[in-house]
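> just to be clear, the model below is a prediction. Sequence and coordinates:
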Amino acid sequence: MAVKRPKFAAALTLIEVMAAIVVLAVAVLGASGYRYFAVLDARKADVQITAARIALLLCESWRGMPDPDPNSFDPTQLANPPDLTIETHHTGPVSEVLTDFELLGLYRITATDSGFTYLAALSSKDISSRLRALNVVVAWEGRGSGSNSSRRRTFRLTTYTPR
């Protein structure tokens, strides 16, 4: 005697349920990984944008000084730089200073909103009797590929001013 199944008794098998769980788990893990790396990349971009803004602030402030002597510029005396604390420092991105440029000062700059620290090196070079190059290098520590490794990232900005 054969048993007939009623039509309304159709259900999912255990294999179908397990396959659905695996597909759902892969989708959730993929979305989580995407979100993690998106936040990580946004943080890296924010740090780099801040470094570029610091370099621009220093370069343009230096260029706008009425005294043409490059040694007369002191970034620690800037009037209220937005969300920045600038102080002289004994180390900085000296190796990143362009050749033939005279190193004028090393500074430690802290972004007060994020607490992130940057190092800056200011240097200049007389291009001609009427033109001077002003160079600012801003460096920060960036995470490397290894778990405990870090490497210094830099942003360099050079502007020109009459002597």
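Happy to help now that I have it.
> confirm Lys4 sits in a strand?
No: counting by DSSP: H, G, I helix; E, B strand; the rest coil, Lys4 is not part of a strand but coil.
> per-residue confidence for it?
Lys4 carries a pLDDT score of 72 in this model.
> Val120 against Thr110, yeah?
Small correction: residue 120 is Ala, not Val. No: applying C-beta atoms under 8 Å as the test, Ala120 and Thr110 come out as separate, 11.4 Å apart. For the C-beta atoms, the positions are set from N, CA and C on the backbone; glycine is no exception.
> so which of these two has more stuff around it?
With neighbours defined as other C-beta atoms under 10 Å, Ala120 and Thr110 compare such that Ala120 has more, 24 against 15.
> please list the residues outside stretch 86-106 that contact it.
70-71, 73-76, 78, 107-109, 119-125, 133, 135, 137-139, 152, 154, 156, 158 (C-beta atoms under 8 Å, 6 or more residues apart in numbering).
> let's go with 7 Å and repeat that
Stretch 86-106 is contacted from outside by 70-71, 75-76, 78, 107-109, 119-125, 135, 137, 139, 152, 154, 156, using C-beta atoms under 7 Å, 6 or more residues apart in numbering.
> and the helix or strand hosting Ile21, how far out from the chain's middle?
Here Ile21 sits within helix 14-63, counting by DSSP states H and E. When distances are taken as C-alpha atoms, centre = their mean, to the nearest Å, helix 14-63 is centred 14 Å away from the chain's centroid.
> quick one: Arg152 is in a strand?
Yes: with the criterion set as three-state DSSP, the secondary structure at Arg152 is a strand.
> report pLDDT for it.
Reading off the model, Arg152 has pLDDT 82.
> how would you label Pro81: helix, strand or coil?
Applying three-state DSSP: Pro81 is coil.
> how many neighbours does it have?
Neighbourhood size, Pro81 [other C-beta under 10 Å]: 17.
> what's the burial count for the residue lying closest to it once chain neighbours are set aside?
Ranked by C-beta to C-beta, 6 or more residues apart in numbering and with sequence neighbours excluded, the top spatial neighbour of Pro81 is Leu57, at 6.2 Å. Counted with other C-beta under 10 Å, residues neighbouring Leu57 total 20.
> then Phe155 would be within a strand, right?
Yes: if the criterion is three-state DSSP, then Phe155 is within a strand.
> fine, thanks again, bye for now.
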